[in-house]
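# need a structure here:
(chains A, B, C and D)
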2 protein chains.
Amino acid sequence: MTTLSNETSPLSAPLTDRIFDLLQDSIIKGEIPAGSKISEPELAKAYGVSRGTLREALSRLEERHLIVRSPNHGARVISFSYEELIDTYQIREVLGGLACSLAAQNMTGDEIGELRRLLDEHEKSIEEDHGLSYYQKEGELDFHYRILQGSRNKKLLVILDGGLYQLIRMYRYQFSTASPRPYLALKEHRRIVDAIEERDSELADLLMRRHIRTARINVEERHKNAMTKGADKG
Amino acid sequence: MTTLSNETSPLSAPLTDRIFDLLQDSIIKGEIPAGSKISEPELAKAYGVSRGTLREALSRLEERHLIVRSPNHGARVISFSYEELIDTYQIREVLGGLACSLAAQNMTGDEIGELRRLLDEHEKSIEEDHGLSYYQKEGELDFHYRILQGSRNKKLLVILDGGLYQLIRMYRYQFSTASPRPYLALKEHRRIVDAIEERDSELADLLMRRHIRTARINVEERHKNAMTKGADKG
DNA sequence: CAAGACAATTATGTCGACACTTTTATTTTA
DNA sequence: TAAAATAAAAGTGTCGACATAATTGTCTTG
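Numbers count the residues shown, from 1 in each chain, chains lettered A, B, ... in the order given. Sure, this is the predicted structure:
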């Protein structure tokens, strides 16, 4: 059971919307490889829709920066630059902190309770499969998503959930490189919930920032290793 | 002379892109009123393009949350909620701070010089027309935009310039309510540049946050007054 | 055989048309 | 006359087609 906002559009929704969802998911999961060129006729045929319908979806994807289009040359899936990932983490750090600080002010007791329950679930999930699958890939974002909702700031939700998280999910899928420290992360999560429960927004902000910073540094380390170890082409 | 990133797409660009730019501008400036319904056939005719072309632009506008679409009912220009504006300012506060702190680390001496020159221009502009026109509507965002570029964080640029600033511009146009304290703002800007020049990223962050917070509080005050004074309908 | 010119193919940009929904106008009926 | 039923109009969702630009493949020529 997931609570991630990735509500795939219902079957009653316009075709364009469903195509958009499908495409976005495919891109994030790497089923359409990063950097690959997109052929409109081909895709349209694959999904069984007209090119016009597809193009509307592509326009939205472009606006989300999941694809890049150049006039008369077609669209490509974004190719993943390490720098951009780090950029994303930097932003996530301050926005995550803000979300948390607001959540400490605005979340209801019930919501906080649910948050705790979610963390318990995560703990079980980690124990069961040694922290290898769901939790690390999606579950953690689930936690962040709840806090985001608790912040009561709609714009925050749009920016993080509608844009930044996607990138991070994409990164995790493509390098299958989920957090190598699930228990530690869980502990940090628990501390954050504590701060929220105590309505200590300043502390909540600080803990969340630190949590995300740690994750970023982790990525940076991993990258450094990959650089010295693998062939450094490019 | 402006430096705002609102580069209107060249005449060689695909029609869709130009329509998108035109529409976005019209919405922001209130030429297409907030909350008004959009008729595809009508708009298409007005701009002399086919509906398909227009719809691609609308899809992008929707993704930018400048319009809202509901299936089979058409699109409406977003209507401006005070809460969302405040939400936006909260986000801008932390992101502006981040941008500034990064700018202090990454901006070149030349760029800082240009920033100073820009502020001198602004000062002149304020003196000339008593701070009534350009500077307050667009010029200030110009300043922020430079810093954004100096941060070297592309994602930041996308989020702020491509999303949040629009909302603030829209608000300013529609309530023609530019900063009532141009000289003070200018002073704050100068201090920020000082901090950047001294490579004091912590101070730069703090000053920028405070600057934006002040602007937000200003909006809040204005809103309170409007509430107690005007008829409180709704 | 390599390099450039030309032809054929494919892809993108843009349009007009049709089906089905929603809204508006009109007519019927209580 | 007001409300319900029905018809007309307008609007959105989706498609297929054509023009033009880009790419690929082929043929010429040095």
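# Let me see the domain layout of chain A.
Domain segmentation of chain A under the TED database yields A:15-77, A:82-232.
# can you pull the contacts of the residue nearest to residue A:220 when sequence neighbours are not counted?
Among residues not flanking residue A:220 along the chain, residue A:86 sits closest, at 6.9 Å (CB to CB, 6 or more residues apart in numbering or on different chains). In this view, the C-beta of every residue, glycine as well, is placed from N, C-alpha and C. Applying CB atoms under 8 Å, 6 or more residues apart in numbering or on different chains, we find residue A:86 in contact with A:216, A:219-220.
# and the helix or strand where residue A:86 lies, what's its mean pLDDT?
Element membership for residue A:86, per DSSP states H and E: helix A:82-106. Here helix A:82-106 scores 96 as its mean pLDDT.
# which parts of that helix are buried?
Applying a neighbour-count criterion of 16 or more other CB atoms under 10 Å in any protein chain shown, one finds A:84-104, A:106 buried in helix A:82-106.
# mind pulling up the phi and psi values for residue A:71?
phi -50, psi 130 (degrees, to the nearest 10).
# of all the domains of chain A, which lies closest to DNA strand D?
Between DNA strand D and the domains of chain A, the shortest separation by CB to the nearest atom of the strand is 3.2 Å, and it involves domain A:15-77.
# First-to-last residue distance for that closest one?
Using CA to CA, to the nearest Å, the end-to-end distance of domain A:15-77 comes to 21 Å.
# Is any residue of that domain near DNA strand D?
Yes. Domain A:15-77 reaches DNA strand D (CB under 7 Å from any atom of the strand) through A:15-16, A:48-53, A:72-73.
# These: which ones sit near DNA strand C?
Near DNA strand C, by the rule CB under 7 Å from any atom of the strand, you find A:51-52, A:72-73 out of the residues of domain A:15-77 next to DNA strand D.
# Of those residues, which pair is most distant in space?
Greatest spatial distance among those (CB to CB): A:52 and A:73, at 19.3 Å.
# Those two - which one has more neighbours?
residue A:52 (15 against 9; other CB atoms under 10 Å in any protein chain shown).
# so which strand or helix has that one?
Using DSSP H and E, residue A:52 maps to helix A:51-63.
# what is the rounded mean pLDDT of that helix?
Mean per-residue pLDDT for helix A:51-63: 98.
# What of stretch A:31-48?
In this model, stretch A:31-48 has a mean pLDDT of 97.
# in stretch A:211-220, what's buried?
Going by neighbour count (16+ other CB under 10 Å), the buried part of stretch A:211-220 is A:211-213, A:215-216, A:218-219.
# Run the chain-centre distance for it.
Chain-centre distance of stretch A:211-220: 15 Å, with CA atoms, centre = their mean, to the nearest Å.
# Looking at strand pairing, list the partners for the closest residue to DNA strand C within chain A.
Closest to DNA strand C within chain A is residue A:74: 2.8 Å, counting by CB to the nearest atom of the strand. Assessed by DSSP bridges, residue A:74 has beta-bridge partners residue A:70.
# Give me the pLDDT value at it.
Per-residue pLDDT puts residue A:74 at 96.
# That one and residue A:64, how far apart?
Distance, residue A:74 to residue A:64, by CB to CB, to the nearest Å: 17 Å.
# Looking at those two, which is more packed in?
Taking other CB under 10 Å, residue A:74 and residue A:64 do not tie; residue A:64 has more neighbours (19 against 14).
# is it true that that one touches residue A:24?
Yes. Counting by CB atoms under 8 Å, residue A:24 is a contact partner of residue A:64 at 7.4 Å.
# who touches both of those two?
Common neighbours of residue A:64 and residue A:24 (CB under 8 Å, 6+ apart) are residue A:166.
# Show the backbone phi and psi for the nearest residue to residue A:18 once chain neighbours are set aside.
The shortest distance from residue A:18 to any non-neighbouring residue, by CB to CB, 6+ apart, is to residue A:9 (5.2 Å). Main-chain torsions, residue A:9, degrees, to the nearest 10: phi -60, psi 140.
# Spit out the contact partners of residue A:9.
A:17-18, A:20-21.
# Residue of chain A closest to chain B, please.
Residue of chain A nearest chain B, by CB to the nearest CB: residue A:63 (3.8 Å).
# List the contacts of the residue lying closest to that residue once chain neighbours are set aside.
Ranked by CB to CB, 6+ apart and with sequence neighbours excluded, the top spatial neighbour of residue A:63 is residue B:63, at 3.8 Å. Residues in contact with residue B:63 (CB under 8 Å, 6+ apart) are A:59-60, A:63-64.
# and residue B:63, how far is that from residue B:118?
According to CB to CB, residue B:63 stands 31 Å off from residue B:118.
# What residues does the residue nearest to the spatial centre of chain A make contact with?
The C-alpha lying nearest the average C-alpha coordinate of chain A belongs to residue A:165 (CA atoms, centre = their mean; 2.4 Å). Residue A:165 is in contact with A:141, A:144-145, counting by CB under 8 Å, 6+ apart.
# Let's see that with 7 Å instead.
Residue A:165 makes contact with residue A:141 under the criterion CB atoms under 7 Å, 6 or more residues apart in numbering or on different chains.
# secondary structure class for it?
The assignment at residue A:165 comes out as helix when based on DSSP: H, G, I helix; E, B strand; the rest coil.
# Please convert the contacts of residue A:86 to JSON lines, extending it with secondary structure and pLDDT.
Listed next are these as JSON lines, based on DSSP: H, G, I helix; E, B strand; the rest coil; pLDDT from 0 to 100:
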{"residue": "A:216", "secondary structure": "helix", "pLDDT": "93"}
{"residue": "A:219", "secondary structure": "helix", "pLDDT": "89"}
{"residue": "A:220", "secondary structure": "helix", "pLDDT": "93"}
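# So for stretch A:47-55, first residue to last residue, what's the gap.
Terminal residues of stretch A:47-55 lie 12 Å apart, using CA to CA.
# what does that stretch rub up against?
By CB under 7 Å, 6+ apart, the list of residues contacting stretch A:47-55 from outside reads A:15-16, A:19, A:22, A:40-41, A:43-44, B:52, B:56.
# Flag every buried residue along it.
A:47, A:49, A:53-55.
# from these, which two are the most distant?
Maximum distance among the buried residues of stretch A:47-55 (CB to CB): 12.1 Å, for A:47 and A:55.
# the helices in chain A, which residues?
With helices called from DSSP state H, chain A shows them at A:15-29, A:40-47, A:51-63, A:82-106, A:109-129, A:134, A:140-150, A:154-159, A:165-174, A:182-197, A:201-229.
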